[in-house]
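K.L.:
Could you work out the structure for the sequence below:
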Amino acid sequence: MPFTLSTPVHSELIIKKSRFIGCVQPMADRASAQAVVDTLRQQHPGAAHVCWALLAGGQSAAVDDGEPGGTAGRPMLDVLRHQDLEGVLATVVRYFGGVKLGAGGLVRAYTDTVAQALLPADKVALQRMQTLCCSVPYALEGLLRREIEAAGAELLDVAHGAQVQLRLRLPEAVAEAFTAKLGELCHGRVAWLDPR
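P.N.:
Below is the predicted model:
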């Protein structure tokens, strides 16, 4: 089961006079990640590199920012994958200390910076959610609302017309059982609609 982080976590390492400032934080998409990286560049104008790795569904990325290819972004991404994280951004700001670390040293430095930040991290299990939409007679609205609450689902929208339409979100893992239960309780009078 994949995890994300509840809050950002930080680390700082000094390796052969180079300073590595790491942060791993929840992140929804690549555009948001790029905005964070741009802000870091403005906050650290004297930094030699701002390397980053993003795991966010199909929008993953690994950026070396001038470090030798494969020595920063990819190792950072590997740490995130190894920890089974999703929806997170890892950034490392490097201030060069005058001593070259070599390819192996760089890989270790970037890996260690991200790993150290994750040590105290509060990981939260990710649940895939599913949106459902249904239409029921007015007489069943109260029953449906109680079942939605009992299932821990989130009621997103209610529209009153010829019938009551409800749009809700719940964990994907329980959606099938939930719809089957409602079908039984409502004696087949629940019409499932396209949730869009």
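
K.L.:
For the rest of this, base every contact and every neighbour count on C-alpha atoms.
P.N.:
Will do.

K.L.:
Break the protein down into its structural domains.
P.N.:
Residue ranges for the domains of the chain, per automatic domain parsing: 3-125, 129-193.

K.L.:
residue boundaries of the helices in the protein?
P.N.:
Secondary structure of the chain, counting by DSSP state H: helices at 30-43, 73-82, 102-118, 141-150, 172-185.

K.L.:
Nearest to G66 among those would be which one?
P.N.:
When the helices of the chain are compared by Cα to Cα, helix 73-82 sits nearest G66, at 10.5 Å.

K.L.:
Give the buried residues for that closest one.
P.N.:
Across helix 73-82, burial judged by 16 or more other Cα atoms under 10 Å covers 73-77, 79-80.

K.L.:
how big is the angle separating that helix from helix 102-118?
P.N.:
Counting by axes from the mean of the first three to the mean of the last three Cα atoms, to 10 degrees, helix 73-82 lies at 40 degrees to helix 102-118.

K.L.:
Just the CA atoms of helix 73-82, as PDB, please.
P.N.:
Below are the C-alpha coordinates for helix 73-82, written out as PDB (Å, rounded to 0.1, in the frame of the first residue of the first chain):
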ATOM      1  CA  GLY A  73      17.500  13.100  -9.100                       C
ATOM      2  CA  ARG A  74      17.400   9.400  -9.800                       C
ATOM      3  CA  PRO A  75      18.900   8.300  -6.400                       C
ATOM      4  CA  MET A  76      16.400  10.600  -4.700                       C
ATOM      5  CA  LEU A  77      13.600   9.100  -6.700                       C
ATOM      6  CA  ASP A  78      14.800   5.600  -5.700                       C
ATOM      7  CA  VAL A  79      14.600   6.500  -2.000                       C
ATOM      8  CA  LEU A  80      11.000   7.600  -2.400                       C
ATOM      9  CA  ARG A  81      10.100   4.400  -4.300                       C
ATOM     10  CA  HIS A  82      11.900   2.200  -1.800                       C
END
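
K.L.:
Rounded mean pLDDT for it, please.
P.N.:
The predicted model assigns helix 73-82 a mean pLDDT of 96.

K.L.:
now stretch 141-156
P.N.:
Stretch 141-156 comes out at a mean pLDDT of 89.

K.L.:
Residues touching it, excluding its own?
P.N.:
Applying Cα atoms under 8 Å, 6 or more residues apart in numbering, the contact partners of stretch 141-156 are 164, 166-171, 178, 182.
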